[in-house]
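In: Pasting the sequence and the predicted coordinates here, then a few questions.
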Amino acid sequence: MALRTPIIVMGVSGSGKSTIGAALAAAFGVEFIDGDDLHPSANKAKMAAGQPLDDEDRAPWLQIIALRIGAELAEGRPIVVACSALRRRYRDQLVAYAPSTVFVHLVGDPDLIADRQLGRTHEYMPVSLLASQFDALEPLEEDERGIRVDVRRDPAEIVADVRDALGVLDEGAPDHG
Ligand SMILES: Nc1ncnc2c1ncn2[C@@H]1O[C@H](COP(=O)(O)OP(=O)(O)O)[C@@H](O)[C@H]1O
Ligand SMILES: O=C(O)[C@H](O)[C@@H](O)[C@H](O)[C@H](O)COP(=O)(O)O
């Protein structure tokens, strides 16, 4: 199945956005962009210092991602992006230039996600910020175009679930923009 719409893989730090995003992009044969790499350096420094980002910090970062998704789609290239997209208003900003975008929300228990964070290394994100990520998180809502996925499942199973769910979403929404 060819990918027709952009995908944003969302969720708290350590939920598997980079892992699942890269796997989805490989499965669909499209480009993968990790939102981590697009943070202004001031944001990275703030997180590295153990301080959570606020709305003002995230706004320019979200705009960079939104513009990139829209520009790629305008050229006929739906892409897969990993972006925490923790709040509803962030997601609304992210899809402003590509309303067909589908969110894949990686849902998991704080203890499991903390364990996974401890098992990896990250350029700037300390495990101490995980609680603030859950505090900020506004889960994907019913009226948003998206899919919830349980992070206890294997990445290959998650990719298969997303493929299936995209087929169903496509049937219900023939008008992509
Ligand atoms: N579905 C999964 N099952 C098992 N381990 C996973 C799964 N998804 C991610 N991981 C592991 O959890 C850790 C965090 O994943 P990562 O992709 O870096 O998350 P994020 O990009 O959301 O911070 C990594 O070590 C990764 O290999
Ligand atoms: O909005 C935010 O607070 C950040 O985007 C944050 O959610 C993100 O988690 C970090 O950039 C670390 O990256 P990982 O999510 O890959 O750990």
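Out: Sure thing, it's come through. Numbers count the residues shown, from 1 in each chain. Ligands and ions are numbered 1, 2, ... in the order given.

In: C-alpha from now on. contacts and neighbour counts both.
Out: OK.

In: Now for His105: which residues touch it?
Out: Contacts for His105 (CA atoms under 8 Å, 6 or more residues apart in numbering) come out as 9-11, 139-140, 146-149.

In: Would you quantify the distance from Ile147 to Thr121?
Out: 28 Å (CA to CA, to the nearest Å).

In: wait, Pro110
Out: Taken as CA to CA, the span from Pro110 to Thr121 is 18 Å.

In: Compare the two (neighbour count), which wins?
Out: Using other CA atoms under 10 Å as the criterion, Pro110 and Thr121 rank with Pro110 on top: 16 against 10.

In: Tell me the helix or strand right after the top helix by length along the chain.
Out: Assignment by DSSP state H gives helix 55-74 as the longest helix of the chain. Using DSSP states H and E, the next helix or strand after helix 55-74 towards the C-terminus is strand 80-82.

In: how many neighbours does the residue of the chain found nearest ligand 2 have?
Out: Residue nearest to ligand 2 within the chain: Ser13 (3.3 Å; CA to the nearest ligand atom). Using other CA under 10 Å, Ser13 has 24 other residues around it.
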